[in-house]
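S.K.: Kindly return the folded structure for what I paste below:
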Amino acid sequence: MAYNNNVEKIRVSKDGTPDECIAYVSEKVSGRYAALPCVAGICGKGGRTSLEFSTEKLYEPYVRGETASAVAEVLAVWYKYRFFKNLLPLPALEKEERELLLTALVAADFQADKEYVKTRLSGLDEYLLDGVFLFRMQDLKKSWERIASYVPAAFSHGALCSFLEFLASEGQSRVFLQGEEAYDEEYRPLKKSALTGEYSAPKEILLSSAKLVYCFGEQSEKTREFLKKYFPEKTFFCS
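M.R.: Predicted coordinates for the structure are as follows:
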């Protein structure tokens, strides 16, 4: 793509070295607009990592819209997950159970949180992830604090099971698993769980508000146990 006056640039930045936040935005936007003249570049300067999309002015609104959507997802998952992780030690739960609960708390209001964050991104030329979190999400963070206050320190295995069963009953989408890789109804890869620190098919199912899960290939024993426990009548193992 020639660089000229018709080229628009969209920047996303974050304190520190490249991490899963920058990688998530880059992969999601680049994947969506792979067929368009849109170039992504990552650089580090002054202790910050910047991701820059360069695209023709004609396509800028589309690329910016997808960028804002991906940024909102980062703020509603990566930042919220760690916000709860810092507030909730949850000593009664095993490490894996704690991660599932934190993911479930993120998933429970994901769409509403994402839409709120998108309103806070309106009018910004550059999306500074840490800046938006610190200064533009005060009301949302207060609601997260209220939610955390309802979770007792002695939150038990039984309470976790009840909460996950409730989320499963409220699901709205279809998720497809090819082995351990999750895809949405348009067969686009789902990677939000990577924002919790590690990709996980069970976490992806929760974050996608799954109503039905269709499995192809071989799933891990952990994933199969998760599905049989929380989605027993909503999982279909296909040959």
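S.K.: Only C-alpha atoms from now on, for both contacts and neighbour counts.
M.R.: OK.
S.K.: how far away is the residue nearest the centre of the chain from residue 100?
M.R.: By C-alpha atoms, centre = their mean, the chain has its centre lying nearest to residue 192, at 3.4 Å. Distance of residue 192 to residue 100, computed by C-alpha to C-alpha, to the nearest Å: 14 Å.
S.K.: residue contacts, residue 195?
M.R.: With contact set as C-alpha atoms under 8 Å, 6 or more residues apart in numbering, residue 195 has these partners: 20-21, 24, 74, 77-78.
S.K.: Just the buried subset of the residues you listed, please.
M.R.: Using 16 or more other C-alpha atoms under 10 Å as the burial test, the contacts of residue 195 include 20-21, 24, 74, 77-78 as buried.
S.K.: Tabulate those (CSV), appending distance to residue 94 and pLDDT.
M.R.: Converted to CSV, the buried ones among the contacts of residue 195 look like this (distance: C-alpha to C-alpha, whole Å; pLDDT from 0 to 100):
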residue, distance to residue 94, pLDDT
20, 25, 96
21, 26, 97
24, 28, 97
74, 26, 98
77, 21, 98
78, 21, 98
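S.K.: So, low pLDDT: which residues of the chain?
M.R.: 1-4 (pLDDT under 70).
S.K.: mind listing the strands in it by residue range?
M.R.: With DSSP state E as the criterion, the chain has strands at 7-15, 38-45, 48-56, 126-128, 173-178, 181-183, 210-216, 235-237.
S.K.: could you redo those strands as CSV and give each row distance to residue 83 and mean neighbour count?
M.R.: Shown next, in CSV, are the strands of the chain (distance: least, C-alpha to C-alpha, whole Å; neighbours: other C-alpha atoms under 10 Å):
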stretch, distance to residue 83, mean neighbour count
strand 7-15, 17, 19
strand 38-45, 25, 14
strand 48-56, 21, 20
strand 126-128, 18, 19
strand 173-178, 26, 20
strand 181-183, 25, 21
strand 210-216, 24, 19
strand 235-237, 31, 16
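S.K.: For residue 157, which of the ones you listed is the nearest?
M.R.: When those are compared by C-alpha to C-alpha, strand 210-216 sits nearest residue 157, at 21.6 Å.
S.K.: Name every strand pairing with the closest one and say which way it goes.
M.R.: Strand 210-216 sits in its sheet next to strand 173-178 (parallel), strand 235-237 (parallel), going by DSSP bridges.
S.K.: Tell me which of the ones you listed approaches residue 107 most closely.
M.R.: Here strand 173-178 is closest among these (C-alpha to C-alpha), at 12.9 Å.
S.K.: Contacts for that closest one next, please.
M.R.: Contacts of strand 173-178 (C-alpha under 8 Å, 6+ apart): 182-185, 187, 201, 205, 208-219.
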